[in-house]
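**Q** The sequence isn't on hand, but the structure is:
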Ligand code: SF4
Ligand code: SF4
C-alpha cells in the first residue's frame, strides 16, 4: 500500500542515456623528442635508407641508369644485370628471400623492421622532424593547436605543410624515376609534358606519403598494417622485445622530499611519464607488450636519461625477452637463446635460397632463344628433293654488349639450315629470325621428329643456348 502511494507521489526517475561510440575518439599524439643510443640508430637507418632511395636512381652504369625497372621496354636493370619478363623466377626468389629475412629478424628481434626501417616509420620521423623545427617541442605544439587561428599559427602551419608537400612530391618523383629514367622524367616535368600514368603515380605516391606520415601516423600501424597483426605468430618467449621491468620499477611513484622514513619503499620508476610522452604511438609500455608498440625504443632512451638523473642503473625499460624477465637471464643467456631451432631453421633456409640464387645469377647465360614452328607451312618438298620446315627463332641478347651469333641445327641425320645462319643483335635487345631447315625424307620417322637449335655468341663459347623443336616429315 505504502509502495503504491509513494510511486504515485514521485514521477519515475529518468536514467540518463550514455552514448558510447563504437570507435575510440582519436587523440593527437604529440611525441616529445628524445636523444640517446637507439634514437641515433633510428636516425642512422633513416639516413641510410633515404640516401639509397633518393640516390640510387642517379647512379649511371654502362651509359644508362644503374637501377631502372623500365616498364615500356619491359626490362629491369640492376647495375650489370638485365632482367627480362622471362626472368620472373628471380622476382619469386626475391620475395622468398624477403619473407624469410622478415621471419628471421622478427623471431630474433621482434618488430625491428617496424621501429627502424619501415617506410611509414622513416617518413613519419622526417615529417615530425620538420614539424618540430617549425612548430617547436611538444608543449609548444600542444599550445599552438589549442589556439584559435591567428597570423602566427597560419604562418607556421602553412610553412610546415609546404615543406611536407615538397618532401612528398620529391619522393613521388624519385619513386617514378625508378620506372621511367629520372633524367627524362625531369625534362618532361620541366616541359609540362608528363604522361598521364607518370602524373598519376607521382601525385598518388606524394599524396599517400603526405597523408600517411603527416596525418595518419600511428593509426597506420594500429589499424591498417597487416604485418602488425600476423607478426605475433613469429614471436616466442625468447624473442627480443621492448619491456618494462615491473619487478624493479614497482611500486612506482614520485620521490617526495618530505617522505617519512616509515613510508613504503618505492621501485625505480618515478612515474614521470616521459616514456609515454616520447612514444610515437602514445602508449604506456609499463602496461606490458602491446600491439601498438612499434619497437622504436624511444622509451628506452627516455627512461635511461631519467635513471641517469635520479642515480639509478639504466635498463628499467630495455630490450629483453619474456623468458629473460621471468627467469632472470643474464645477457649471455639471452644471447644464447637467440640461437634456437626456429631461428637456425630460418637462417639455414635463407642462406640456402641466397646461395642458390647467387649461383644461378653467376651462371646465367645472357641469351634467350624461343623457337616457334611456322604453322602456315608444316613441311614441303624443296627444289633439291629434301623436306623443308620453316621456323621462327626469337633471339634475345640479354647482355650489355652487342653480339654476333652462329645458329646451327641438329638432332636429325643430315639436317642443315638453308640461308642465313649468322645474326647480329645489339645489347639488351631481341630479333625474330626466320629460318628454313632441310632434311632427307628418310632421315627420320614419318610425322614429328625432335630436333634442336644451337645459338652461340661468336668469341664467347660460354654464351650458348640450345632450344628444342619439332621437324615434320611427310
Ligand atoms: S620514463 Fe622510466 S621512470 Fe619515467 S615513468 Fe617511464 S618507466 Fe617510469
Ligand atoms: S612503447 Fe616504446 S618502443 Fe613501443 S612504440 Fe612506444 S616508445 Fe616506441
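**A** Looks like it arrived, so ask away. From a predicted model like this one, the values you see are computed outputs, not experimental measurements. Ligands and ions are numbered 1, 2, ... in the order given.

**Q** Just say helix, strand or coil for the closest residue to ligand 1 within the stretch 1-150 of the chain.
**A** Using C-beta to the nearest ligand atom, the single residue of the stretch 1-150 of the chain nearest to ligand 1 is residue 34, 10.2 Å away. The C-beta positions use only the backbone N, C-alpha and C, and glycine is treated the same way. Put simply, residue 34 is coil when judged by DSSP: H, G, I helix; E, B strand; the rest coil.

**Q** I'd like the distance from the nearest residue to residue 425 once chain neighbours are set aside to residue 201, if you could.
**A** Of all residues not flanking residue 425 in the chain, residue 397 sits nearest, at 4.1 Å (C-beta to C-beta, 6 or more residues apart in numbering). Distance from residue 397 to residue 201, counting by C-beta to C-beta, to the nearest Å: 30 Å.

**Q** Show me which residues of the chain are close to ligand 2?
**A** With C-beta under 6 Å from any ligand atom as the criterion, the chain meets ligand 2 at residues 242, 278-281, 283, 285, 293-299.

**Q** Sitting in strands, which of the residues you listed do you find?
**A** residue 242 (DSSP state E).

**Q** Could you export the residues of the chain next to ligand 2 as a markdown table, including pLDDT, neighbour count and distance to residue 444?
**A** Shown next, in a markdown table, are the residues of the chain next to ligand 2 (pLDDT from 0 to 100; neighbours: other C-beta atoms under 10 Å; distance: C-beta to C-beta, whole Å):
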| residue | pLDDT | neighbour count | distance to residue 444 |
| --- | --- | --- | --- |
| 242 | 95 | 22 | 72 |
| 278 | 96 | 22 | 79 |
| 279 | 96 | 23 | 77 |
| 280 | 94 | 21 | 73 |
| 281 | 93 | 18 | 73 |
| 283 | 94 | 19 | 76 |
| 285 | 96 | 20 | 77 |
| 293 | 93 | 23 | 71 |
| 294 | 93 | 27 | 68 |
| 295 | 94 | 22 | 68 |
| 296 | 95 | 26 | 71 |
| 297 | 96 | 22 | 72 |
| 298 | 97 | 28 | 75 |
| 299 | 97 | 28 | 78 |
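
**Q** Dump the residues of the chain next to ligand 2 into TSV; add distance to ligand 1 as well.
**A** Listed next are the residues of the chain next to ligand 2 as TSV, based on distance: C-beta to the nearest ligand atom, whole Å:
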residue	distance to ligand 1
242	12
278	8
279	10
280	15
281	15
283	12
285	7
293	14
294	17
295	16
296	15
297	13
298	11
299	7
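
**Q** Could you check what's spatially nearest to the residue of the stretch 101-250 of the chain found nearest ligand 2, not counting adjacent residues?
**A** Closest residue of the stretch 101-250 of the chain to ligand 2, C-beta to the nearest ligand atom: residue 242 (4.4 Å). Closest residue to residue 242 apart from its sequence neighbours, by C-beta to C-beta, 6+ apart: residue 295 at 5.4 Å.

**Q** any idea how far ligand 1 is from residue 160?
**A** In this view, residue 160 and ligand 1 are 28 Å apart by C-beta to the nearest ligand atom, to the nearest Å.

**Q** Next SSE downstream of the helix or strand harbouring that residue?
**A** Applying DSSP states H and E as the criterion places residue 160 in helix 151-176. Of the helices and strands lying after helix 151-176 in sequence (DSSP H and E), the nearest is helix 182-190.

**Q** how about the residues of this protein near ligand 1?
**A** Going by C-beta under 6 Å from any ligand atom, the residues of the chain near ligand 1 are 244, 249, 269-275, 286, 302-303, 306, 316-317.

**Q** rewinding a little: so which bits of the helix holding residue 160 are buried?
**A** For helix 151-176, a neighbour-count test (16 or more other C-beta atoms under 10 Å) marks 156, 160, 164, 167, 168, 169, 171, 172, 173, 174, 175, 176 as buried.

**Q** Flag the shaky bits of the protein, pLDDT-wise.
**A** Applying pLDDT under 70 to the chain flags the ranges 1-13, 21-24, 259-261.

**Q** Give me the domain ranges for it.
**A** Using automatic domain parsing, the domains assigned to the chain come out as 27-252+266-364, 367-473.

**Q** what about the last one, distance to the chain center?
**A** This points to domain 367-473. 43 Å (C-alpha atoms, centre = their mean, to the nearest Å).

**Q** repeat for the first one
**A** Mean C-alpha position of domain 27-252+266-364 versus that of the full chain (C-alpha atoms, centre = their mean) differs by 10 Å.

**Q** For it, measure first residue to last.
**A** One end of domain 27-252+266-364 to the other measures 55 Å (C-alpha to C-alpha, to the nearest Å).

**Q** relative to helix 182-190, how tilted is the helix holding residue 160?
**A** 130 degrees (axes from the mean of the first three to the mean of the last three C-alpha atoms, to 10 degrees).
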